[in-house]
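Visitor: what follows is a predicted structure for the sequence shown.
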Protein chains: 2
Amino acid sequence: MKHKERIERALLALQERTYYAAYPENPRAYAEDADARGKEAFQKQLSNSFSGISDDGNLGYIGEEVSPYMMVGLGVQYPKFSASILVERAESAHKEWKRIDVERRADILIDMLDAVSERFFELGYATMHTTGQSFMMSFQASGPHANDRAMESIALGYNELTRYASQVDWVKNMGKFDLTIKKNFKPVSKGVGLVIGCSTFPTWNTVPGVFANLIAGNTTIVKPHPKSVLPIAIVVAEMQKVLVNNGISPYTIQLAVDLTSAPITKELAEHKRVKLIDYTGGSTFGEYIESLPGKTVFTEKAGVNSVIMESMQDPKAVFGNLAFSFSLYSGQMCTAPQNIFVPAEGIKTAEGHLSYDEVVSGLSNAVKGLAENPKMGAFVLGAIQNDTTRNRVVETLGAQGNAPLTAEVSHPEFPDARLQTPTVIGIDASESTWKHECFGPLVFVVKTESKDHSLELAAEMSTEKGAITCLCYSTDEQYMNAVEETMNATFTPVSFNFTGAAFVNQHAAFSDFHVSGGNPSGNATFTDSLYINRRFVWVGNRFA
Amino acid sequence: MKHKERIERALLALQERTYYAAYPENPRAYAEDADARGKEAFQKQLSNSFSGISDDGNLGYIGEEVSPYMMVGLGVQYPKFSASILVERAESAHKEWKRIDVERRADILIDMLDAVSERFFELGYATMHTTGQSFMMSFQASGPHANDRAMESIALGYNELTRYASQVDWVKNMGKFDLTIKKNFKPVSKGVGLVIGCSTFPTWNTVPGVFANLIAGNTTIVKPHPKSVLPIAIVVAEMQKVLVNNGISPYTIQLAVDLTSAPITKELAEHKRVKLIDYTGGSTFGEYIESLPGKTVFTEKAGVNSVIMESMQDPKAVFGNLAFSFSLYSGQMCTAPQNIFVPAEGIKTAEGHLSYDEVVSGLSNAVKGLAENPKMGAFVLGAIQNDTTRNRVVETLGAQGNAPLTAEVSHPEFPDARLQTPTVIGIDASESTWKHECFGPLVFVVKTESKDHSLELAAEMSTEKGAITCLCYSTDEQYMNAVEETMNATFTPVSFNFTGAAFVNQHAAFSDFHVSGGNPSGNATFTDSLYINRRFVWVGNRFA
C-alpha cells in the first residue's frame, strides 16, 4: 500500500488531536509560478464550457455563476444530466468500486487529493469568484483545508474499515472436541451517495462526505449549489482523471449541475437507489432531507452562535478579535458569532468597568476600524455571495430602525464588488430579532439581566436553533466551568478568551470537530467515527 | 482502574473476533450447590412481592407472568411507577452519573455483571418460567451469554469513549510566533435512555443497550415485556445494589413494569426527556419507535430467515442440523430459519439425487425424530411463550389446509407445558403465506424454479421483510460466492454448510455481529462501534 504511512500520520494526529496539516496552507509553500498559472487557468475557463469531466449523454450545457467581485456572470457552462442517468451510472460504477479493497481505494483517493493540490491556486480563484471569499481564504478553504478534511475522512475510514479481523478460525472447545468455524467479516457499502453542496464553501463542506463515501465503497453524485459550481467541478475533474488512469469508471464520482430555475436536488434525493445523502445548507431544506425515509443522512444546517461576555482582561484585544471574527468573509461562515450576550450592568475588565453601551460602541468601532484599514478591509471582508444575504441584512436592520454600517471600504481591485461591512447593533433580550439566524454581516449585542441570564439564553438558542460554536470571555473560573458544562450539555463547544491569532470561526482538521451533531445545527460531525461507520454495514459469514 | 485487563482481553477478542467467553456457559463451572440455591431462590420468589429494587413512591404492585411450563401465574408482584417519576429520577441521576469518569463507570458496570453472575441459576429458572426456554438455554442465554453481550458493550464503550486525547496543547507555527491553544475533548452523554424488552429473551436482548447507555454516561429505564419481567428484575436489582454500595443513585437504572391492559411504553418513549430508545420486538411497534422525532433509536424487529439448498454432501447430517435449528426453543428465536428454498428439480447430494418431496419429508422426519427422542424432545423444544404464537401457527397451517405436527412429545417434569413441535410444510413459491414472518414453530419448504430463483427469493425477502440470518447448503464454489455476495448486499450474513454442532441460530458474543442493521430486521447491531458512538456526542473546548 503506497500511502500507508501518510494515513498513519493523519490517524495519529486525529487521535491525539494535535496540529497537523497534510497539505501546507501557506501559498508560498507551492511553486513560485503556481499563482500565475492558477490565475491564467481560471481566466481561460471563463465564458467556456468546462472541460475535464465526462460529458457523455449530456442534455446540453448550463451555468449561472456570477462573480461577487466583478458582478458579471462567469459564463462557465457545465454538462447537464438527467437524475436517472446519473443514478444509473453511479449504481453501475458501484458494482466495480465496492470490489476494490480498502487499501487500494485509499491509495487512489490520496492520489486524487495530490492531483487536486496541483490546482490549489486555480481553485482559489474559482472559489473567490463564486463565493465572494477573499483570495487568501478561498485558497486555504478550498485548497489545503478542504484536502485536509478529505484526508481525515480517508484516514479514519481506512481505520474503521480495517478495525476487525477480515478472516478468523473461530475455535470453541465442546468438551470432547473442538468446534471450528471459519468466518469472514466484511464492511458492505450502502450504494449510491448524494452530496449536496452550499454556495459559500463549495469544496470544504463537500469533500468530507465525498471521500467518506468513497473510502467506504459507495459511489457518489455531487450536486453543487448552481451559483458555486466551478471549484468542485475542478475537484471532480481531477478525481475522474485519477479513476480513468487506474482503469476505473469515472462515474464513481459524478457532477450533477442544475439551475436555480430547474433544480434536480429533490429528484436525486428521493430516488430510491440513492442510499446516502450529505447536505450543507439552510435548515428548512435540511429538515426535509433528514425526513426522507430509508436514507442515511448527514447534515450541516443553520446555527445561531453566541458570544458570552462576563469579564475580561483587555477589552481592546477582545474587541479586535471579535471584529475580525465578525468581518471574516462578512459573517458568512457557519462558525461566525451572531449574538453577543452582555449583562445590562456591563462587565468588569482589567482596565476598569465597561458599561453595556461601551461594549456596543467598542465592538462597532473595532469593526469599522478593521473595515477602514486599507491592509485589512476588503481582504478580510471578502464579498457578499448573493443579493439575498445582503437584502435580508438590510431588511432586518430596517425593521429594527437601524441602517447598515457603511464603513468607507471598497475593493482596490474590484470596484463593483458586493461588499458589506458587518453592522453591530444593541438589542434588548426581550426583543425577538436576534432569536433566529440572520446569516451574513449582522451582529446583535443582546442586553441581558445578568451573567446567568446570558448563559441561559445562549444555551436556549443552542438547544432550539442549534449552534456550531460559542465563545466566552470570563476571568472567573467558576463561571467558565458553568459555561463549559451548560453549553457542552447542549452539544456546543466553547472557546474561552480568544484574542490575538486564535479565532472562534476556525475549525482545524485533525483536531476540531466541526458541528457536534447533537443540536439542530446538524446531525453529523467532521470527522468522528459515526461519519464513517454510518456509510457501511458489517456483515460476517461463517463456513463449516 | 480495577478491571482494565478484563476490558483489554474482551477488546482484543472483539477485534480479532475469536472465541471468547467472559463468563463460562457451562453450569458445571459454577459452585456445586449453585443450581439448588438458584432453584430455591426462584421458588421463594413465587407469589411474593419482588424485593431488591427500589420501590419508593410506587403506585402499588403489579405482575401478570405465567409459566409456559406450569401454565399457572407466577404471582410475582413488582412496584409500579408513573412514567413521569421514572423520567424525573433518571434525569436527576444523570446529573451525577455523567460526571463519573469512564474508567470508574466501567469498573462499576463490570462489578454489576459479576454480581449478576452470582444469580445465573436463579436467572435460568426465572427465564425458563417466563419465556418457555429449556432450562439449559435459559441459563446460557440469560446468564453467561447475556453477560458476555453486556461485557461487549462495556469494552467497546470504554474503547470508543477514550479513543481521543482528553487534553492537548495544539501548537501552530504562525511564522514569527507559535499559536498555542489548549483543548479538551469530551464524550457528552445524551441523557435518559429507555430500553424496551421482549418476552422471549428478556435479558439477552436488553442488557446490551442498558450497558451501552450506562458506559456512555446515560441513565436508563428498562421497560420489560409484562409477561417476562422476573429475569431482568433480578439483573436490575443487582445493578442497583452495586450502585448503592458505591454511593451512587439507584435510579441510574430503573425498572418500569406495566400490564398488557395498561401499557406505559408509548408514554415513556414519547417523553421529551427520553433521548435514547432501544427496542426489541415486532415490526409494527418498532417502526413506530423508529419514527419518533428527536430520539436516537436502536431496533431489532422481525425478520424472515432463509435457508438456500442447492447441493450437499450428507443429507442426513444436514436434515439433523436443520431439525435442531427449527426445534431449538420451537422456532421462537429471531435467528431461526423459516423458509427453505429448494429447486423443483431437487438437489444433488453425495448420496445421489434428492427430489423436492424427499427434502420435505426428510426434514419433517428429522424434526419428528428429534421431538420423539426422549433425551432431546422437550429439552430442545422448550415451551411456547404465549397462546398468540401457538394460535397464529395453528391458524396459518389451517389456512394452508395443514394440521400442526403433533409428534409424541410431552415434558417429563411439566405435563401441562405448552409444547409445540415445529411443522414442516411444502409450499410453492407462487403462494404467499411464506412471504411474511410466521413467528414460532413453522417451517416452509418453498419450491422454486431453480437455484437462481431460490437466491433471488431469499434476497428479496431480506430486502423487503428483513433477515437476521441465512443458511446455504452448496458444494458449488461459484454458487456459494454468488449467494455470499448477493445476500451480503442485502446486509444479511450467510452461514455455509452447517452440520454437527454449528447452528445458524447461534450468534456468539465478541465474534458474530447480531442483526446487521442494514435491512428491515433492525437498524442496529450487537455490537459495532455505531452501537456505542450514537449514544454520546464529542465536544471539544478551546482555551486561549
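Guide: Received it, and whenever you're ready, just let me know what you need. Note that the structure is a prediction, hence the values are computed from the model and not measured. Numbering: from 1, shown residues only, chains lettered A, B, ... in the order given.
Visitor: report pLDDT for residue A:407.
Guide: Residue A:407 carries a pLDDT value of 66.
Visitor: low pLDDT regions in chain A?
Guide: A:406-408 (pLDDT under 70).
Visitor: please name the nearest non-neighbouring residue to the residue minimising distance to the centre of it.
Guide: Nearest residue to the geometric centre of chain A (C-alpha atoms, centre = their mean): residue A:205, 3.3 Å. Counting by C-beta to C-beta, 6 or more residues apart in numbering or on different chains, residue A:280 is the residue found nearest to residue A:205 once chain neighbours are left out, at 4.1 Å. In this view, the C-beta of every residue, glycine as well, is placed from N, C-alpha and C.
Visitor: let me see the contact set for that neighbour.
Guide: Residue A:280 is in contact with A:196, A:197, A:198, A:201, A:205, A:206, A:299, A:300, counting by C-beta atoms under 8 Å, 6 or more residues apart in numbering or on different chains.
Visitor: please repeat the previous calculation with a cut-off of 7 Å.
Guide: A:196, A:197, A:198, A:205, A:300 (C-beta atoms under 7 Å, 6 or more residues apart in numbering or on different chains).
Visitor: equivalent analysis for residue A:326, please.
Guide: Residue A:326 neighbours (C-beta under 7 Å, 6+ apart): A:336, A:337, A:367, A:422, A:443.
Visitor: could you dump the residues you listed into a markdown table with distance to residue A:460 added?
Guide: Output for the contacts of residue A:326, formatted as a markdown table (distance: C-beta to C-beta, whole Å):
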| residue | distance to residue A:460 |
| --- | --- |
| A:336 | 20 |
| A:337 | 16 |
| A:367 | 26 |
| A:422 | 24 |
| A:443 | 19 |
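Visitor: need the residues you listed in CSV (columns: neighbour count and secondary structure).
Guide: Formatted as CSV, these follow (neighbours: other C-beta atoms under 10 Å in any protein chain shown; DSSP: H, G, I helix; E, B strand; the rest coil):
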residue, neighbour count, secondary structure
A:336, 25, coil
A:337, 22, strand
A:367, 26, helix
A:422, 27, coil
A:443, 26, strand
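Visitor: just give the number of residues close to the residue of the stretch 351-500 of chain A found nearest chain B.
Guide: For the stretch 351-500 of chain A, the residue closest to chain B is residue A:495, as judged by C-beta to the nearest C-beta, at 4.3 Å. Neighbour count for residue A:495, taken as other C-beta atoms under 10 Å in any protein chain shown: 25.
Visitor: returning to what we had before: can you tell me which of the contacts of residue A:280 lies nearest to chain B?
Guide: Using C-beta to the nearest C-beta, the contacts of residue A:280 come closest to chain B at residue A:300, 14.5 Å.
Visitor: next, the nearest residue to that closest one once chain neighbours are set aside: phi, psi?
Guide: The shortest distance from residue A:300 to any non-neighbouring residue, by C-beta to C-beta, 6+ apart, is to residue A:522 (4.1 Å). Taking degrees, to the nearest 10, you get phi 160, psi 160 for the backbone angles of residue A:522.
Visitor: please apply the same query to residue A:268.
Guide: phi -70, psi -50.
Visitor: that one reaches residue A:276, doesn't it?
Guide: No: Residue A:268 lies out of contact with residue A:276 (C-beta atoms under 7 Å); the separation is 11.6 Å.
Visitor: between these two, what contacts are shared?
Guide: residue A:194.
Visitor: residue A:29 - how many residues pack around it?
Guide: Neighbour tally, residue A:29, other C-beta under 10 Å: 12.
Visitor: and the gap between it and residue A:121?
Guide: 12 Å (C-beta to C-beta, to the nearest Å).
Visitor: cool, residue A:163 as well?
Guide: Counting by C-beta to C-beta - residue A:163 and residue A:121 are separated by 38 Å.
Visitor: give me the more crowded residue out of these two.
Guide: Each of residue A:163 and residue A:121 has its neighbours counted (other C-beta under 10 Å); residue A:121 has more, 25 against 17.
Visitor: element containing the more buried one?
Guide: Element membership of residue A:121, judged by DSSP states H and E, is helix A:120-131.
Visitor: and the helix or strand that that helix is followed by, what does it pack against?
Guide: Taking DSSP H and E as the definition, the helix or strand that follows helix A:120-131 towards the C-terminus is helix A:135-140. Using 3 or more C-beta pairs under 7 Å, 6 or more residues apart in numbering or on different chains; DSSP states H and E, the elements in contact with helix A:135-140 are helix A:120-131.
Visitor: quick check: the gap between residue A:480 and residue A:312.
Guide: On the measure of C-beta to C-beta, residue A:480 and residue A:312 end up 12 Å apart.
Visitor: circling back to that earlier point, I'd say the residue nearest to residue A:300 and residue A:301 touch.
Guide: Yes: between residue A:522 and residue A:301 there is a contact under C-beta under 7 Å: 5.4 Å.
Visitor: any idea how far residue A:497 is from residue A:469?
Guide: 14 Å.
Visitor: surely residue A:195 touches residue A:220?
Guide: Yes: assessed by C-beta under 7 Å, residue A:195 is found in contact with residue A:220 at 5.9 Å.
Visitor: what touches both of those two?
Guide: residue A:210.
Visitor: helix, strand, or coil at residue A:68?
Guide: coil (DSSP: H, G, I helix; E, B strand; the rest coil).
Visitor: ok, now which ones touch it?
Guide: Taking C-beta under 7 Å, 6+ apart, one finds A:132, A:383, A:384, A:385, A:417, A:418 in contact with residue A:68.
Visitor: which of those residues ranks first by neighbour count?
Guide: residue A:132 leads those on contacts (other C-beta under 10 Å) with 30 neighbours.
Visitor: and the gap between it and residue A:507?
Guide: With C-beta to C-beta as the criterion, residue A:132 and residue A:507 are 20 Å apart.
Visitor: ok, now residue A:361?
Guide: Residue A:361 is 30 Å from residue A:507, by C-beta to C-beta.
Visitor: those two: which is more packed in?
Guide: It is residue A:507, of residue A:361 and residue A:507, that has more neighbours when counted by other C-beta under 10 Å, with 22 against 16.
Visitor: skip the chain neighbours and tell me the closest residue to that one.
Guide: Per C-beta to C-beta, 6+ apart, closest to residue A:507 is residue A:514, 4.4 Å.
Visitor: look up phi and psi at that neighbour.
Guide: The phi/psi pair for residue A:514 (degrees, to the nearest 10) is phi -100, psi 120.
Visitor: can you list the buried residues in the host helix or strand of residue A:276?
Guide: In the assignment (DSSP H and E), residue A:276 maps to strand A:274-280. For strand A:274-280, the buried set under the neighbour-count rule, 16 or more other C-beta atoms under 10 Å in any protein chain shown, comprises A:274, A:275, A:276, A:277, A:278, A:279, A:280.
Visitor: and those residues, which two are the farthest apart?
Guide: When C-beta to C-beta is used, the two most widely separated members of the buried residues of strand A:274-280 are A:275 and A:280, lying 18.8 Å apart.
Visitor: domain parsing for chain A?
Guide: A:4-277+A:533-543, A:305-496 (automatic domain parsing).
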